[in-house]
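1. Dropping a prediction and its sequence here:
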Amino acid sequence: MISLLRRTKLLTLTLTSNPRTLRPFLRFLSSSSKFPEYEMPSVTWGVVLGRKERLVSRVIISDYLKTLGIIPDELEQVELPSTVEVMRERVEFLQKLGVTIDHLNEYPLMLGCSVRKNMIPVLGYLEKIGIPRSKLGEFVVNYPQVLHASVVVELAPVVKFLRGLDVDKQDIGYVLMKYPELLGFKLEGTMSTSVAYLVSIGVSPRDIGPMVTQYPYFLGMRVGTVIKPIVDYLVSLGLPKKVLARMFEKRAYVLGYDLEECIKPNVDCLVSFGIRREALASVIAQFPQILGLPLKAKLSSQQYFFNLKLKIDPDGFARVIERMPQIVSLNQNVIMKPVEFLLGRGIPAVDVAKMVVKCPQLVALRVELMKNSYYFFKSEMGRQVNELVEFPEYFTYSLESRIKPRYQRLQSKGVRSSLDWFLNCSDQRFEERLQADYIEMETVGPSFCMGGKLQLPGNEVVSDEEDESDDEELYRRTVSL
């Protein structure tokens, strides 16, 4: 016993006399004078209690915790400090961070962590990787298990893994604040398999980092039970994996929509409102968020509004959604402004309805730009309004970069053509048409789609006049999101 006490005394003297031993803690505390939550507790290491003394100490500490309103039942199997003073320092340390008694009751195992050996090293590391000191308390409340973790064995490898996914260093703290449970995952488990699967369907490895920053929760999703079923279902609707990959890169949160409770019911809802099954893939590619909205209520409201105010019947409304699914979330006051502008130009309501069904993008345009385009159409081009009814897409083209330059080229050549003929084509095709000795007959082209040229993997540009497969059409709509 005497030998044990000597060794204990020697250990205590070593800890208090050797500056190298305490240097990490002193360095951490040197910057915390303004933050009392980091005040160092008293040293109580080296105190050896017998079985009876430990039982008495546990009872005293439990009684102390009960006086604070903390229920100590879950601490029965946890090693507690030898004195009430040390437990009081733990409680006060956590309270200064912002942890309340209610939080401690939700996860009382926090009180089993040593301030010196657990809390300070972990909190110091979290601050080092970018979590603001003012947010550390919130982080601990959201993920108290972090206090049990080893910085070297558990926390640092996860951070290194995230950096390896191309998550920017300055975004690490932001990612962990959003999803602190990442620090508890095994590297060879769910995180690695989810990344590998997404890359296998076409997600670019360099886009994984931005995806993690936007929606880190997919790293915790199992491939077999969550990610793959979503992918398989969307593929069954006609969405190619190439399109899904681009969609996930830009809208990673789509992976968070529940397949059975959200995605499938919303697809069924679209069909019930008249959207054709062959158009579902295009609708989802243009507006992936539609899979996660409270869709039935939104569609019901917008369908009634379109019927009442725009005189568009349910079938016409379905065609509008197919061409521009974002309509479901568009404010009705915004919709009415362009409509009122067109009605104010003397266009009959029935023709305005036709224009909206043919080109729903009209209802999302700024009225100021529509005014400028309309003024040029009437004053400079001297054309009849019925041409706008036939080709409402005119308002979606830039006046300065497309309409004016091309019209001036037509004038210089003495050519008169329809709006569709000189606007709805690529620059190269327009030049070819001007060089021709005749104006070819107009043919029915693809339905209007915003997004411009299609940029395929490998930087291959497909010109507007080339034939496009259905997959490429969907791809173009996706990359233009």
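-> Arrived safely, thanks for sending.
2. Strands of the chain, start to end?
-> Along the chain, counting by DSSP state E, strands occupy 454-456, 460-462.
3. as a whole number, average confidence for the last one?
-> Across strand 460-462, the average pLDDT comes to 34.
4. which ones are touching Lys337?
-> Val367 (C-beta atoms under 8 Å, 6 or more residues apart in numbering). Where C-beta positions appear, they are placed from N, C-alpha and C, glycine not excepted.
5. how about low-confidence regions in the protein?
-> Low-confidence segments of the chain (pLDDT under 70): 1-52, 54, 437-481.
6. Please enumerate residues in contact with the biggest helix by length in it?
-> Determined from DSSP state H, the single longest helix within the chain is helix 51-68. Contacts of helix 51-68 with the rest of the structure, by C-beta under 8 Å, 6+ apart, involve 49, 71-72, 75, 80-84, 87-88, 91, 101, 111.
7. Show me the one in those that has more neighbours than the rest.
-> Met87 (23 neighbours; other C-beta atoms under 10 Å).
8. what about the spatially closest residue to Ile208 that is not a sequence neighbour, neighbour count?
-> Among residues not flanking Ile208 along the chain, Leu165 sits closest, at 4.9 Å (C-beta to C-beta, 6 or more residues apart in numbering). A count of nearby residues for Leu165, using other C-beta under 10 Å, gives 18.
9. now swap in Tyr407 and tell me
-> So Tyr407, with other C-beta under 10 Å, has 19 neighbours.
10. check contacts around Arg277.
-> Neighbour list for Arg277: Leu237, Val271 [criterion: C-beta under 8 Å, 6+ apart].
11. So it versus Arg323, what's the distance?
-> As for Arg277, its distance to Arg323 is 16 Å (criterion: C-beta to C-beta, to the nearest Å).
12. distance of Pro229 from Gly173?
-> From Pro229 over to Gly173 the distance is 32 Å, taken as C-beta to C-beta.
13. Now for Glu340, how many residues are close by?
-> By the measure other C-beta under 10 Å, the count of residues near Glu340 is 13.
14. All the helices of the stretch 351-481 of the chain, residue numbers only.
-> 367-375, 385-390, 404-413, 419-423, 427-435, 470-479 (DSSP state H, counting those that start in this stretch).
15. what comes into contact with the third one?
-> Meaning helix 404-413. Phe376, Glu380, Met381, Arg416, Ser417, Phe422, Leu423, Phe430, Leu434.
16. okay, these in TSV with neighbour count and distance to Glu390 next?
-> Listed next are the contacts of helix 404-413 as TSV, based on neighbours: other C-beta atoms under 10 Å; distance: C-beta to C-beta, whole Å:
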residue	neighbour count	distance to Glu390
Phe376	15	18
Glu380	13	19
Met381	17	14
Arg416	12	15
Ser417	15	13
Phe422	20	14
Leu423	18	12
Phe430	20	19
Leu434	16	22
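17. Identify, from these, the entry nearest to Val356.
-> Leu423 (18.9 Å; C-beta to C-beta).
18. Quick check, that closest one in contact with Thr396.
-> No. With contact defined as C-beta atoms under 8 Å, Leu423 and Thr396 do not form a contacting pair (9.4 Å).
19. what's the closest non-adjacent residue to Cys113?
-> For Cys113, the spatially nearest residue (C-beta to C-beta, 6+ apart) is Leu147, at 4.4 Å.
20. From Val86, how far out is that neighbour?
-> 16 Å.
21. again, but for Tyr143
-> Distance, Tyr143 to Val86, using C-beta to C-beta: 24 Å.
22. Ser192 too?
-> Distance from Ser192 to Val86, by C-beta to C-beta: 40 Å.
23. and if you look at Asp171?
-> From Asp171 over to Val86 (counting by C-beta to C-beta), the distance is 38 Å.
24. Please apply the same query to Phe93.
-> From Phe93 to Val86 the distance is 10 Å (C-beta to C-beta).
25. try Asp258
-> From Asp258 to Val86 the distance is 46 Å (C-beta to C-beta).
26. So for those two, which residue has more residues nearby?
-> It is Val86, of Asp258 and Val86, that has more neighbours when counted by other C-beta under 10 Å, with 21 against 13.
27. residue boundaries of the helices in the stretch 101-250 of the chain?
-> Going by DSSP H, counting those that start in this stretch, the stretch 101-250 of the chain shows helices at 101-106, 120-128, 136-142, 156-164, 172-178, 192-200, 208-214, 228-236, 241-250.
28. so which of these gets nearest Lys296?
-> For these, proximity to Lys296 was assessed by C-beta to C-beta; helix 228-236 is nearest, at 19.2 Å.
29. starting at the chain centroid, how far to the closest one?
-> 20 Å (C-alpha atoms, centre = their mean, to the nearest Å).
30. Show me what it is in contact with.
-> In contact with helix 228-236 (C-beta under 8 Å, 6+ apart) are residues Tyr197, Ile201, Lys241, Leu244, Val254, Leu255, Tyr257, Leu259, Ile263, Lys264, Ile284.
31. My guess is the fifth one contacts Met247. True?
-> It stands for Val254. Yes. With contact defined as C-beta under 8 Å, Val254 counts as touching Met247 (6.5 Å).
32. between these two, what contacts are shared?
-> Pro288.
33. Between these two, which has more neighbouring residues?
-> Met247 (24 against 20).
34. Was I right to think that one contacts Tyr253?
-> No. The pair Met247 / Tyr253 is not scored as a contact, 10.8 Å apart, by C-beta under 8 Å.
35. Can you give me the neighbour number for Ser192?
-> That count, for Ser192 with other C-beta under 10 Å as the rule, works out to 14.
36. Many thanks, I have nothing further to ask.
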